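# Here is a sequence together with a model predicted from it:
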Amino acid sequence: MPAPVIEATGLTKRYGEFTAVDGIDFAIEPGEAFGFLGPNGAGKSTTMRMIAATSTRTSGALRVLGFDPAEHGPEIRAQLGIVPQADQLDEELRVIDNLIVYGRYFGLPLPYVKRRAEELLEFAQLTEKRKARVDGLSGGMKRRLTIARGLINAPKAMLLDEPTTGLDPQARHVLWDRLFRLKEEGTTLVLTTHYMDEAEQLCDRLVVVDKGTIVAEGSPASLIRQYSTREVLEVRFGSARNAAAAEAIEGIGQRIEVLPDRVLVYDDDGEAAMSAVHERGLSPITSLVRRSSLEDVFLRLTGRSLID
Amino acid sequence: MTELMQAPAPTIRGPLRGIYAGNTRSVVMRGLQVMARTNWVVVLTGFFEPVFYLLSMGVGLGALIGTVEFYGADVPYAAYIAPALMAVSAMNGAVYDSTMNVFFKMNFAKLYQQMLSTSLGPLDVALGEILLALFRGLLYACGFMLVTTLMGLNLSWTAVLAIPAALVVAFGFASFGMAVTSYMKTFQHLDYVYFLMMPMFLLSATFFPIEVYPAGLQWVIQALPLWHGVDMIRQLTTGLIQPSILIHLLYFGVMIVLGLWFTTSRLRALFLR
Ligand SMILES: Nc1ncnc2c1ncn2[C@@H]1O[C@H](COP(=O)(O)OP(=O)(O)OP(=O)(O)O)[C@@H](O)[C@H]1O
Ligand SMILES: [Mg+2]
């Protein structure tokens, strides 16, 4: 078994009295795509910053690529590609120079960085924008440029903090494709997201975090198997009548969740649950059967929706 | 496809490990690349200010005043104030860059966050930015030297040493300026700096010897950095070199080290906490 790329035990970060990350344990293997899934304020970005040695942990143990981030920041960051939650591009430089100058920060030779920058522009599909000003790029282009920039030092691990937030579906798929290629080439990916589809698409393994703690861990499929049923029936009766209807369908399926706008019936056979609902004389305004997702896992674990 | 190359691991050992990667050059090069495309009109105003003082006061007032005594010798008034204004040039360039520009990069452009996401350490960034500010100070001082040479205001061959001396002055102000800027929260705070620089500029033996002040005030002025810069450069351009020049150098040495230390720990506290 190879040594983990990143390993944390009891990792904690406090800002004054407030505990943002509360004693979490995880180990990320080489070549793995590992995700932190959680709602706003869960502590995902804080964890990422501690891994990147741009934030010092309050307590606990953390090893990144064999080093302690508290003492070896530059050594660690030399081997990491960091994509922060908010794009931080150098607006005073053109697109291509953003890549070249960033490469120079790593102490890479100029001729190499110049060649590599052109390849990364292609990878990010920004070759046409080579000489463009950064502030004129669209959100998706900026994101792709930030990711390309994070690759200039051929990192062993990429830290991607919400890589696709704010992108349209097509741009997200392009990015997912790029990240998937990286993973195939052997780069370890560590990403945070609050999109369950993203986590399902990209992550081999993930932890669900809430309020600074890890509430579950596993592959997307195993988490769904463990914490949810195969299928879910979603029925809507109108916001005023959902609660009453939920009482009426009590007993159908394995578990029922009442959300403000709909009722979720968890059952391995959604169609059967639907027939059962109709047999009780209830007629929902809309109904749909779908497969369980990480969203359901999250709801089960925390009693809250992931995106609120 | 290019053979991929991994970033070299920083090899710094000892107490600077973790805060210094030995790659200040990349920070300086980035700054020069941006500077080459900046608005040079803005840059040049900072240069012309002392030149205009020299022309109006040195030439105009000089005709009325004649000579001023400096370490026992009579020095023509224009030659007396020229080295002081050169020190002011170095200061202006260094302070302008290390306050206004650094403030912008720190708070709006998020530039230092970007740099500190790479293998650079806070000391690389601090030193690089200070060197850039110093560069502007040096640029101003050299331009000013050219003007005073053309006007025949350098009285001794030792005046060539005024250039490295201006470099030291600029380094001190840049280092200190960046440290101060790292504590600022709003643009208004920058105004305090400019507000303090004005009296320092007028009182630091720039236009007349400090012997005209009461002893108490003399002490205050001699505690301020500009006076040390003025007296040092004046000794060099007039050739009236005194042992006190070593004290001036020491003063700036301390200022540089303290400024660097504060800036580095401040950058670490701001971006790596
Ligand atoms: N520098 C800071 N000072 C004080 N509190 C902070 C700081 N950074 C983060 N926090 C707090 O720590 C908690 C976790 O923040 P963090 O940014 O890690 O959340 P997140 O999981 O990334 O959320 P999001 O999905 O919104 O990005 C939040 O409550 C936040 O207010
Ligand atoms: Mg975040």
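Structure's in. What do you need? Ligands and ions are numbered 1, 2, ... in the order given.
# switch to C-alpha atoms for all contacts and neighbour counts from now on
Will do.
# Can you name the residue of the stretch 101-250 of chain B nearest to chain A?
B:Ser119 (4.2 Å; C-alpha to the nearest C-alpha).
# Tell me which helix or strand that residue sits in.
For B:Ser119, there is no enclosing helix or strand under DSSP states H and E.
# That one and B:Val147: what is the separation?
B:Ser119 sits 43 Å away from B:Val147, going by C-alpha to C-alpha, to the nearest Å.
# These two - which one has more neighbours?
B:Ser119 (33 against 15; other C-alpha atoms under 10 Å in any protein chain shown).
# Neighbours of A:Thr56, how many?
Neighbour number of A:Thr56 under other C-alpha under 10 Å is 22.
# isn't it right next to B:Phe271, touching?
No: A:Thr56 lies out of contact with B:Phe271 (C-alpha atoms under 8 Å); the separation is 10.0 Å.
# What segments of chain B are strands?
Secondary structure of chain B by DSSP state E: the strands cover B:67-70, B:73-76.
# out of those strands, deepest packed?
Comparing those by mean neighbour count (mean count of other C-alpha atoms under 10 Å in any protein chain shown), strand B:67-70 ranks first with a mean of 16.
# Which strands and helices lie in contact with that strand?
strand B:73-76, helix B:77-96 (3 or more C-alpha pairs under 8 Å, 6 or more residues apart in numbering or on different chains; DSSP states H and E).
# These into a markdown table, with extra columns for mean pLDDT and distance to A:Val235?
Shown next, in a markdown table, are these (pLDDT from 0 to 100; distance: least, C-alpha to C-alpha, whole Å):
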| stretch | mean pLDDT | distance to A:Val235 |
| --- | --- | --- |
| strand B:73-76 | 94 | 96 |
| helix B:77-96 | 92 | 65 |
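# closest one to chain A among the ones you listed?
helix B:77-96 (18.4 Å).
# Which residue does the stretch 151-273 of chain B have closest to ligand 1?
Here the stretch 151-273 of chain B gets closest to ligand 1 at one residue, B:Arg273, 8.3 Å apart by C-alpha to the nearest ligand atom.
# Let's verify the nearest residue to that residue once chain neighbours are set aside: helix, strand, or coil?
Once flanking residues are discounted, B:Arg273 sits nearest to A:Ser55: 4.6 Å by C-alpha to C-alpha, 6 or more residues apart in numbering or on different chains. Following DSSP: H, G, I helix; E, B strand; the rest coil, we place A:Ser55 in the coil state.
# can you pull out the helices in the stretch 51-200 of chain B?
Using DSSP state H, counting those that start in this stretch, the helices found in the stretch 51-200 of chain B span residues B:62-65, B:77-96, B:102-107, B:111-115, B:122-150, B:162-181, B:187-203.
# and the third one with chain A, contact?
No: using C-alpha under 8 Å from any C-alpha of the partner chain as the criterion, no contacts between helix B:102-107 and chain A are found, and the smallest distance is 9.7 Å.
# Quick check: the closest residue to B:Phe176 other than its chain neighbours vs chain A, distance?
Once flanking residues are discounted, B:Phe176 sits nearest to B:Gly259: 4.4 Å by C-alpha to C-alpha, 6+ apart. Distance, B:Gly259 to chain A, using C-alpha to the nearest C-alpha, to the nearest Å: 22 Å.
# tell me the contacts of B:Gly259?
Contact analysis of B:Gly259 by C-alpha atoms under 8 Å, 6 or more residues apart in numbering or on different chains lists B:Gly172, B:Ser175, B:Phe176, B:Gly177, B:Met178, B:Ala179.
# please redo it, this time with the cut-off set to 6 Å
Residues near B:Gly259 by C-alpha atoms under 6 Å, 6 or more residues apart in numbering or on different chains: B:Ser175, B:Phe176, B:Ala179.
# Next one, pLDDT for the residue of the stretch 151-273 of chain B closest to ligand 1 please.
Note on B:Arg273: pLDDT of 75.
# and the gap between it and B:Lys105?
On the measure of C-alpha to C-alpha, B:Arg273 and B:Lys105 end up 19 Å apart.
# element containing A:Met158?
Per DSSP H and E: strand A:157-161 holds A:Met158.
# Given that strand, what are its sheet partners and their directions?
In the sheet, strand A:157-161 lines up against strand A:80-83 (parallel), strand A:188-193 (parallel) (DSSP bridges).
# when you scan that strand, is anything in it near ligand 1?
No: using C-alpha under 6 Å from any ligand atom, strand A:157-161 stays clear of ligand 1, with a minimum separation of 7.8 Å.
# Measure how far that strand is from the centre of its chain, please.
Distance of strand A:157-161 from the chain centroid (C-alpha atoms, centre = their mean, to the nearest Å) equals 10 Å.
# what does it rub up against?
Taking C-alpha under 6 Å, 6+ apart as the rule, strand A:157-161 contacts A:Leu80, A:Gly81, A:Ile82, A:Val83, A:Pro84, A:Gln85, A:Thr187, A:Thr188, A:Leu189, A:Val190, A:Leu191, A:Thr192.
# The stretch 101-250 of chain A against chain B: which residues are in contact?
Contact residues (C-alpha under 6 Å from any C-alpha of the partner chain) of the stretch 101-250 of chain A with chain B: A:Arg104, A:Tyr105, A:Phe106, A:Leu108, A:Asn153, A:Ala154.
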